[in-house]
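>>> got a sequence here, can you build the structure:
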Amino acid sequence: MPFARKIYPAAGYLMRQGDRGDALSIVLDGYCYGQKDDGEGKSQIVSLAITGDSIGLEHLYLRTVDHDTRALTAVDVATVPLAVVRQIAARRPAIAQALGVHQAIRHAITREWMVNIGARDGLRRVAHFLCEFAVRSDAAGRTPDDGYELPMSQEQIGQATGLTAVHVNRMLKTLHTAGLVERSWRHVRFADWHGLRDIAGFSADYLHAGQQVRIPAPPAP
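Residues are numbered from 1 along each chain as shown. Sure, this is the predicted structure:
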């Protein structure tokens with residue numbers, strides 16, 4: 001299967017709004033995020049992609065990229081032309097179904113993000129975001145023994161939760177004071193996972209772990 005492999009630096013653009021969507025990218029290592037601007041200088045983070053996630057699957061059906069995708073960390077990506085993906089999916093129904101499940105789970109995550117921003121208060125938003133990050137990192141095998149590397153600034157967490165950086169800072173301090181979270185720079189440890197989950201009202205059902213598809217890297221050429 002033909003593919004191109006590239007390492008993007010942190011803050012680099014993998015795709016820009018308005019580009020032609022003609023490839024499926026697979027995150028081999030690192031973290032990316034989707035971002036949309038309001039046209040007046042404000043940005044919203046609308047998605048998070050980690051190791052094993054795909055980027056651009058929607059372009060099997062949609063021609064134009066409607067948001068930016070940027071690297072949170074240095075990110076190693078394999079990119080496959082969509083024409084090749086279509087050919088393989090047409091020949092192998094199981095792969096077509098797996099791609100559909102993967103995209104459906106992405107939609108489920110988007111719905112939960114909408115609920116998080118629209119229905120939860122600031123403390124629950126941040127707690128819920130941290131819970132999701134932990135569960136998805138675990139599924140991707142990115143769980144060090146002493147906690148998690150959360151490669152996001154407080155401003156970026158705010159852009160993902162609809163809060164200001166100042167508000168995020170206050171919420172993190174509240175979680176720390178409550179003995180739930182310990183954070184040093186971008187390293188976070190959950191001192192009381194069950195307590196954090198209870199405050200967030202977090203249930204991982206929307207992540208559909210039993211049907212989760214970790215897309216493997218293409219074989220070396």
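
>>> any idea how far apart the tips of stretch 185-203 sit?
Stretch 185-203 stretches 27 Å from its first residue to its last (Cα to Cα, to the nearest Å).

>>> now that stretch: buried residues?
188, 190, 195-197, 199-200, 202 (16 or more other Cβ atoms under 10 Å). Backbone N, C-alpha and C define where each C-beta goes, glycine included.

>>> domain parsing of this protein, as residue ranges.
4-91, 122-207 (automatic domain parsing).

>>> pLDDT (mean, whole number) over the longest one?
Across domain 4-91, pLDDT averages out at 95.

>>> how far out from the middle of the chain is it?
Centroid separation between domain 4-91 and its chain, computed with Cα atoms, centre = their mean, to the nearest Å, is 11 Å.

>>> endpoints of that domain, how far apart?
With Cα to Cα as the measure, domain 4-91 spans 22 Å from end to end.

>>> how about Ser137, what does it touch?
In this structure, Ser137 makes contact with 50, 143, 148, judged by Cβ atoms under 8 Å, 6 or more residues apart in numbering.

>>> please redo it, this time with the cut-off set to 10 Å
Shown in contact with Ser137 (Cβ atoms under 10 Å, 6 or more residues apart in numbering): 31, 50-51, 143-144, 148-150.

>>> give me the buried entries from these.
31, 50-51, 148, 150.

>>> so which of the contacts of Ser137 belong to strands?
148-149 (DSSP state E).

>>> can you redo the contacts of Ser137 as JSON lines with distance to Arg183?
Below are these laid out as JSON lines (distance: Cβ to Cβ, whole Å):
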{"residue": "Tyr31", "distance to Arg183": "17"}
{"residue": "Ile50", "distance to Arg183": "19"}
{"residue": "Thr51", "distance to Arg183": "22"}
{"residue": "Thr143", "distance to Arg183": "16"}
{"residue": "Pro144", "distance to Arg183": "14"}
{"residue": "Tyr148", "distance to Arg183": "10"}
{"residue": "Glu149", "distance to Arg183": "11"}
{"residue": "Leu150", "distance to Arg183": "8"}
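
>>> in the chain, which spans are helices?
Applying DSSP state H to the chain gives helices spanning 82-91, 93-119, 122-139, 154-161, 165-177, 193-200.

>>> can I get those in CSV with distance to Arg5?
Shown next, in CSV, are the helices of the chain (distance: least, Cβ to Cβ, whole Å):
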stretch, distance to Arg5
helix 82-91, 15
helix 93-119, 20
helix 122-139, 23
helix 154-161, 26
helix 165-177, 35
helix 193-200, 36
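
>>> among those helices, which comes closest to Gln17?
helix 154-161 (15.7 Å; Cβ to Cβ).
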